[in-house]
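S.K.: Have a look; sequence and predicted model below, questions after that.
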Amino acid sequence: MQTANHSKGTAGTIGQPITYEKIPTQIFADSKEASNAVAREIADLIRQKQNEGKPCVLGLATGSSPKTVYAILVRMHREEGLSFRNVISFNLDEYYQMEPDSIYSYHRFMKEQLFDHVDILKENYFIPDGTVPSSSLRDYCTSYENRINAVGGLDFQLLGIGGNGHIGFNEPGALINSRTRLITLDHSTRVAASMEFGGLHNVPRKAITLGVAPILNARRIVLLAWGERKASVIQRAVEGPVSELNPASYLQAHPDVSFVVDESAASELTRIKTPWAVDSVVWDNKMIKKAITHLSRTLSKPILKLTDKDYNDNGMSDLLAQYGSGYEININVFNQLQHTITGWPGGKPDADDTYRPERALPAKKRVLIFSPHPDDDIISMGGTFQRLVDQGHEVHVAYQTSGNIAVADDEALRFIDFVVDFNNGFGIDNEETNQLFLDAKNFLRHTKDSEIDTPEIRKVKGLLRRGEAKATCRFVGIPTSQAHFLNMPFYETGTVQKKPIGAEDIQIIENLIDEIKPHQIYAAGDFADPHGTHKVCWDAIEAALNRSKEKEYMKDCWVWLYRGAWAEWDIYEIEMAVPMSPDQVLKKRQGIFKHQSQKDGVVFQGEDSREFWQRAEERNRGTAHLYDELGLAEYEAMEAFVRWKF
Ligand code: F6R
C-alpha cells in the first residue's frame with residue numbers, strides 16, 4: 001500500500017510546526033495586498049537611503065508580476081511625495097534584438113509603468129540595450145555589471161519567476177555563477193511571451209540578462225508570484241532541491257530573500273496543500289473535505305474504502321479521534337460530494353431540493369452568464385449553458401470585452417476584403433468600405449513595432465469576434481437579442497496593457513444586472529489568465545453586485561463562479577458539478593469551433609500549447625475522472641462551479 005510521503009519536512013524546535021520551506025515565503029490574500037507590502041518596503045528603503053544622503057540602488061523586473069508594485073509606487077510619488085531622485089535602477093533584462101521604442105521592449109514597459117510617472121533622473125535608470133551590435137555584446141554585458149558595482153551594488157532586487165523557474169532570463173540550465181550575457185530563450189518562455197507579441201513567430205529568440213551571480217549579489221531579494229500557474233514552480237523552488245533545472249532554487253542560498261506570493265501561487269506548498277502534515281489544524285468541514293479527498297487520491301483508494309489505519313498512517317489520527325470512526329467521516333464527505341452533482345444547473349422543478357446545489361423555484365429562471373472574452377462562456381461552461389437553454393431558462397450572455405487584441409492582422413484583412421467583395425458582388429457602391437480596406441492594408445503592411453492598431457482595425461477585429469460569439473449563441477439556441485456586448489472601456493487600449501477598472505466599467509455591469517434582474521449569475525472565477533482580464537472583469541462584477549445587494553431582486557439571485565481555459569477548482573471546493581455525456585462533449589466542441597479566429601495557432605495561447613477546445617475537454621474529463629476515482633459515478637466529463645456569496 002502506498003502511503004502519503006511526509007518524510008521530507010524538517011522539524012524545528014520541539015512543538016514548532018514542521019517546515020518544508022527553504023526560502024522564507026509570505027502568503028497574502030491577494031496580489032494587491034502583497035504588492036502593497038512590497039511597495040512599502042521599497043519606499044521605506046528609498047526614504048532611509050535619502051535620510052542617509054545615499055543613493056538607493058534597485059534591481060527591477062518587468063512582466064505582469066511587478067505591475068501593481070509599480071502602480072503603487074507611482075501613487076506614493078503623487079500622493080505621499082515619495083521622491084525617486086536618489087534612485088539608481090538596473091533592469092534585469094531586454095529582448096535581443098529590440099528597439100527601445102518598440103511596444104514589445106522592456107524599455108517602453110518600464111517607462112510606461114514607472115519611469116515616466118516619477119521623478120527618477122533619466123541618467124539614473126539602466127536597461128540592457130537590445131540594439132548593441134553582436135561584436136561588442138560581451139564588453140557591453142561586462143560594463144553593465146561594472147556599472148552596478150561602481151554605484152555600490154544592488155540594495156534591493158525585485159524578481160518575477162517564469163513557469164519554468166527562470167529568474168531574469170536565466171533559463172533552466174543556467175549556472176549559479178553565470179554572469180550578464182546574451183542567452184537563447186527557452187521555448188516555454190517564448191510561448192508565454194507570444195501573448196505580448198501577437199504570435200510565437202514574432203517573439204525574439206534571444207535576450208540579454210543579468211546573470212545569476214549578480215542577482216545573488218543583491219543585498220536583499222524579493223520574488224513575486226501570483227496565480228495558480230505559478231503554484232507548482234513556487235513549490236519546487238521553495239521546497240525542492242537546488243538545481244540548475246530550476247534557477248529560482250538558487251535563491252535558497254541567499255541570506256536575505258523573501259518570496260511574496262498570493263494564496264493561489266502558494267497553493268502547492270505543503271503547509272497549504274496538506275496543512276495537517278505541518279501542524280495541528282482546526283478540523284472544520286472544508287478542512288475535512290480537503291484532507292479526505294487528498295488522502296483518497298494519494299492512496300488511490302475510493303473514499304468509502306479508506307480505513308482507520310489509513311487515517312492514522314497519514315497524520316490524521318486527531319481527526320479520527322474526534323469522530324470515533326473513519327467510516328463516519330467517509331460517508332459524510334462522500335455524501336457532500338454526491339450532492340454537488342446535478343444535471344439541473346438551474347434547479348430541478350418539482351423535486352426536493354434539500355440536497356441539490358440549486359433551488360427548484362422559480363422553475364424558469366432568468367440567467368445571466370458573464371463571459372470576459374467572447375469565447376469564455378462556451379469554453380468554460382458550454383455544457384451547462386446548453387442545459388440551461390434546453391431546460392427552458394431565459395439565458396442571457398454578457399460579453400464583457402471585445403477581445404479585439406487576440407485577432408491576427410490577417411484575419412482582419414480577410415474580413416474587410418469580404419465586405420469589399422460583398423459590396424461589389426451586390427452592386428453596393430460603398431467608397432468608405434473600399435477606403436477602409438486600403439487604409440487597413442497599408443497600415444498593416446507598414447506597421448512598425450512601435451505602433452498599435454488603428455481604431456478602425458481594432459473595431460474590425462472586435463466585430464469579427466462579436467460575429468463568432470453570436471454564432472455560438474445561435475448554435476446553443478438563444479436569440480442574439482440575449483447576447484449583450486458590453487465593450488468594457490478598461491480593455492480598449494489596443495495593447496496587452498489595460499487601463500485600470502473605472503466607474504464606467506462598473507456602471508455598465510450594474511445597468512445590465514438591473515435590466516435583467518437575474519435569478520442566477522455565472523461569472524469567470526478564473527483569476528489566473530495571463531493578462532489579468534478575467535480578474536478585472538470579476539472585480540467589476542463584484543463591485544456592481546455589492547452596489548446592487550440591497551435591491552429586492554438580488555435577494556433571490558445566486559452567483560456561480562466557473563473556471564475554464566486556464567485552471568480548475570480543487571475538488572474539495574466544488575459546489576456544483578454538471579455532468580456531460582459523450583454527445584454533449586462533442587456538441588460543446590462544435591460550439592467552441594465557432595470561434596474560428598481563436599483556432600490553430602491562436603494569438604494568446606499562454607504557456608499551454610493545446611488549443612482551447614482541447615484544454616476545456618481535458619479539464620472537464622479530468623474533473624469527471626476525479627469524481628470517479630473518489631468512488632462516485634463515472635461520467636464522460638463535468639463542468640464545475642463554486643458559489644459566491646456576499
Ligand atoms: C522580467 C523577467 C522575467 C519575469 C518572469 C515572470 O524582467 O526577467 O523573469 O519576471 O518571466 O513573468 P510574469 O511576471 O509576466 O509572469
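M.R.: Structure's in. What do you need?

S.K.: Return the residues of this structure in contact with the ligand.
M.R.: Counting by Cβ under 6 Å from any ligand atom, the positions of the chain adjacent to the ligand are 61-65, 92-93, 160-162, 166-169. Quick note: C-beta positions are derived from backbone N, CA and C, even for glycine.

S.K.: In strands only, show me the residues you listed.
M.R.: Counting by DSSP state E, the part of these found in strands is residue 93.

S.K.: So for the residues of the chain next to the ligand, which is the shakiest by pLDDT?
M.R.: Minimum pLDDT across the residues of the chain next to the ligand is recorded for residue 64, with 88.

S.K.: Surely it touches residue 533?
M.R.: No. Judged on Cβ atoms under 8 Å, residue 64 makes no contact with residue 533 at a distance of 11.2 Å.

S.K.: For those two, indicate the residue with more neighbours.
M.R.: Neighbour totals were compared for residue 64 and residue 533, and residue 533 leads with 23 against 18 (other Cβ atoms under 10 Å).

S.K.: Can you give me the distance of that one to residue 372?
M.R.: 5 Å (Cβ to Cβ, to the nearest Å).

S.K.: Common neighbours of these two, please.
M.R.: residue 401 (Cβ atoms under 8 Å, 6 or more residues apart in numbering).

S.K.: which residue of the protein sits farthest from its center?
M.R.: In the chain, the residue that sits farthest from the middle, by Cα atoms, centre = their mean, is residue 427; the gap is 48.2 Å.

S.K.: That residue falls within a helix, correct?
M.R.: No. Counting by DSSP: H, G, I helix; E, B strand; the rest coil, residue 427 is located in no helix; its state is coil.

S.K.: right, and residue 622 touches residue 568 too?
M.R.: Yes. Residue 622 is within contact range of residue 568, at 6.9 Å (criterion: Cβ under 8 Å).

S.K.: Who has more neighbours out of these two?
M.R.: The neighbour comparison of residue 622 against residue 568 (other Cβ under 10 Å) goes to residue 568, with 22 against 12.

S.K.: that's a helix at the more buried one, yeah?
M.R.: No. Counting by three-state DSSP, residue 568 falls outside a helix, being coil.

S.K.: Once you drop chain neighbours, what's closest to residue 126?
M.R.: Nearest residue to residue 126, sequence neighbours excluded (Cβ to Cβ, 6 or more residues apart in numbering): residue 90, at 4.9 Å.

S.K.: which other residues reach the helix or strand where the one you found lies?
M.R.: Here residue 90 sits within strand 87-91, counting by DSSP states H and E. The set of residues external to strand 87-91 that reach it, using Cβ under 8 Å, 6+ apart, is 46, 55-62, 106, 110, 120, 124-128, 144, 147-148, 151, 154, 210.

S.K.: Among those residues, which ones are in helices?
M.R.: Judged by DSSP state H, the subset of those located in helices is 46, 106, 110, 144, 147-148.

S.K.: Looking at those residues, spot the one nearest the ligand.
M.R.: Taking Cβ to the nearest ligand atom as the measure, the ligand lies nearest residue 106 of the ones in helices among the contacts of strand 87-91, at 6.3 Å.

S.K.: Surely that closest one and residue 112 touch.
M.R.: No. Residue 106 lies out of contact with residue 112 (Cβ under 8 Å); the separation is 10.6 Å.

S.K.: Looking at those two, which one has more neighbours?
M.R.: For residue 106 versus residue 112, neighbours defined as other Cβ under 10 Å are more numerous around residue 106 (24 against 14).

S.K.: For burial, what's the neighbour tally of residue 50?
M.R.: Residue 50: 17 neighbours (other Cβ under 10 Å).

S.K.: Checking it next. Helix, strand or coil?
M.R.: Relying on three-state DSSP, one would call residue 50 helix.

S.K.: residues contacting it?
M.R.: Applying Cβ under 8 Å, 6+ apart to residue 50 gives the contacts 56, 83, 86.

S.K.: which among those end up buried?
M.R.: Among the contacts of residue 50, those classed as buried by 16 or more other Cβ atoms under 10 Å are 56, 86.

S.K.: on that earlier part again, specify the beta-bridge partners of the residue nearest to residue 126.
M.R.: On the basis of DSSP bridges, residue 90 is bridged to residue 59, residue 126.

S.K.: per-residue pLDDT, the closest residue to the ligand within the stretch 251-400 of the chain?
M.R.: Going by Cβ to the nearest ligand atom, the ligand is nearest to residue 265 of the stretch 251-400 of the chain, at 10.2 Å. Listed pLDDT for residue 265 reads 95.

S.K.: For the residue in the chain that the ligand sits nearest to, grab the count of nearby residues.
M.R.: Shortest the chain-to-the ligand distance, computed as Cβ to the nearest ligand atom: residue-wise this is residue 160, at 2.4 Å. Applying other Cβ under 10 Å, we find 21 residues neighbouring residue 160.

S.K.: in terms of contact, does it touch residue 60 like I think?
M.R.: No. Assessed by Cβ under 8 Å, residue 160 is found out of contact with residue 60, at 10.5 Å.

S.K.: what residues are shared contacts of those two?
M.R.: Common neighbours of residue 160 and residue 60, using Cβ under 8 Å, 6+ apart, are residue 66.
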